[in-house]
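Q: Below is the sequence, then the predicted model.
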Amino acid sequence: MAKIKNVYACQTCGTQHPKWTGQCLGCSEWNTLVEETLQAVTQQRYQGYSISTPRITAMSEVTLHEEARLSSSIKELDRVLGGGLIRGSAVLIGGDPGIGKSTLLLQTVCNLSQQMKVIYVTGEESLQQVTLRARRLGLPEKNLLLLADTQVERILKLAQDENPRMLVVDSIQTMHTDLFQSAPGSVGQVRESAAQLVSFAKQTDTTLFLVGHVTKEGTLAGPRVLEHMVDTVLYFEGEQDSRYRVIRAVKNRFGAVNELGIFAMTDKGLREVSNPSAIFLSRYEKAVSGSVIMATQEGSRPLLVEVQALVDQSHMANPRRVCVGLDSPRLAMLLAVLHKHVGITTYDQDVFVNVVGGVSITETGADLALLFAVLSSMRNSPFSPDTLVFGEVGLAGEIRPVQAGQERLREAQKHGFKKAIVPHGNAPKGTIGEMEIYPAHTLQEAVEHFKNYSSKIPA
Ligand code: TYD
Ligand code: MG
């Protein structure tokens, strides 16, 4: 008789407590503990399929598969995966409900199933729904194997018999294992189901895709607890109402993190965006104030994006600092640097900052562009639209170099930019086409450049 033990697991972070408490000791969230039954499961755990006996191997004796990476048939997805799918790797795709996870995976598996055996396990939609969507999107469907099931042991048993090259589980929150008493979607179930699936993938050299939902309320166990178990974590970003969807790699054992894949949601499913810089730039009829174009380097690709700011007289005791797509505490810090080192005050102004197109920028290269946008809005003077800006601003008012300066400048040149204001450390040794480069050591110097490249709107 297996020993039965009860624990209280936090549905947000997965921390287990021996007793119920109102607040989780792990993540300090309130009312997130749910009772779960833990059984002594070590024997039972991988009963569903046989495991090869582990043995100690010299590294020189490890044989690698020839085709190390396999294209997923979607270029932008390959890019975030670090070059393609790897055998025996587990990939988690997270994102809000309805953002396009199932669509993307369905497109991928339909194309891939033409060359290899793929099983698509759906725990959310019926076989008819999946097929209907594939037909509507006009995807090749001949060889794709479908399975509508939510019980992990049964799925793995079937998968072992079929021996597919790739297994997709949509979604992990609907899966449950017999080893656990709690409801599907609870942290324990999600973790245990994922552990079994991942272990199956490793042992059979199957590529595994897991879909995970993120909900703000945390009613479903967030995929955060899964991040440690899988090799690659991809997140869908982007507003539901915007056409564009960005996939970001936040963890990748086989490639660069922060790599972005950019898609547009159309009536024919997700389409790759081949020239992403172009979509994030808006070309205005005439110059507007508060808009500055910067080059950001996310992963291995430079991307031109527009940073907008609106600075307006505040009527509040605490003026507002609102950021969309950028880091809010950083904005407050940069405004303080602007005051201290250039003498421009914003304490009586509301400052709103936005990155156009729903991308979020996680690097510090946006600092200078952000301050320029603020200045431009504050003085109501449009910044020259053919000038590119990037650079990190330090607390001492210095402009620090950022990585991949040359690539950023080259991308800007490709899109017809004529001038650039950049950190001194990023000034190129040679020339970048016809571009005029203005390097700056300090914020003060950069602001001098700013004055030369912005115009005053006639009253
Ligand atoms: P879906 O892949 O079902 O989302 P998830 O699996 O992440 O929950 O995407 C559903 C959304 O995508 C839905 O709001 C409608 C939209 N959509 C399109 O706009 N065009 C299409 O061709 C498809 C299939 C979906
Ligand atoms: Mg779905």
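A: Perfect, I can see it now. Numbering: from 1, shown residues only. Ligands and ions are numbered 1, 2, ... in the order given.
Q: Which helix or which strand is home to Arg245?
A: With secondary structure defined by DSSP states H and E, Arg245 is part of strand 244-252.
Q: May I see the buried residues of the helix or strand that that strand is followed by?
A: Later in the chain than strand 244-252, the nearest helix or strand by DSSP H and E is strand 260-266. Judged by neighbour count using 16 or more other Cβ atoms under 10 Å, the buried positions of strand 260-266 are 260-265. No exception for glycine: its C-beta is placed from N, CA and C like everyone else's.
Q: and ligand 1, which of those residues contact it?
A: Taking Cβ under 6 Å from any ligand atom, the overlap between the buried residues of strand 260-266 and the neighbourhood of ligand 1 is Met265.
Q: Widest-spaced pair of the buried residues of strand 260-266?
A: Spatially, the most separated pair among those is Leu260 and Met265, at 15.9 Å (Cβ to Cβ).
Q: and the top helix by length along the chain, what does it pack onto?
A: Among the elements of type helix in the chain, defined by DSSP state H, the one spanning the most residues is helix 187-204. Contacts of helix 187-204 with other secondary structure elements, assessed using 3 or more Cβ pairs under 8 Å, 6 or more residues apart in numbering; DSSP states H and E, are made with strand 4-10, strand 33-39, strand 90-95, helix 152-162, strand 166-170, strand 207-213.
Q: closest to Met333 out of these?
A: Checking these against Met333 by Cβ to Cβ gives strand 90-95 as the closest, at 29.3 Å.
Q: Just give me the closest of the buried residues of strand 260-266 to Thr345.
A: The shortest distance between Thr345 and any of the buried residues of strand 260-266, using Cβ to Cβ, involves Leu260 and amounts to 36.0 Å.
Q: If the closest one is in a bridge, with which residues?
A: With DSSP bridges as the criterion, Leu260 is bridged to Arg248.
Q: Report the contact partners of it.
A: Counting by Cβ atoms under 8 Å, 6 or more residues apart in numbering, Leu260 touches 79-80, 246-248, 276, 298-299, 301, 303, 359.
Q: What is the neighbour count of Ile247?
A: If you count neighbours by other Cβ atoms under 10 Å, Ile247 ends up with 27.
Q: Tell me, what's the model's pLDDT at it?
A: Predicted confidence (pLDDT) for Ile247: 89.
Q: same check, this time on Gln47
A: You'll see Gln47 listed with a pLDDT of 50.
Q: average pLDDT for stretch 197-214?
A: With pLDDT averaged residue by residue, stretch 197-214 scores 90.
Q: May I have the secondary structure class of Pro302?
A: For Pro302, the assignment made with DSSP: H, G, I helix; E, B strand; the rest coil gives strand.
Q: nearest spatial neighbour of it, skipping sequence neighbours?
A: Beyond its immediate neighbours in the sequence, the residue positioned closest to Pro302 (Cβ to Cβ, 6 or more residues apart in numbering) is Glu411, lying 4.0 Å away.
Q: is it true that the one you found touches Val305?
A: No: because the distance of 11.0 Å does not satisfy Cβ atoms under 8 Å, Glu411 is recorded as not touching Val305.
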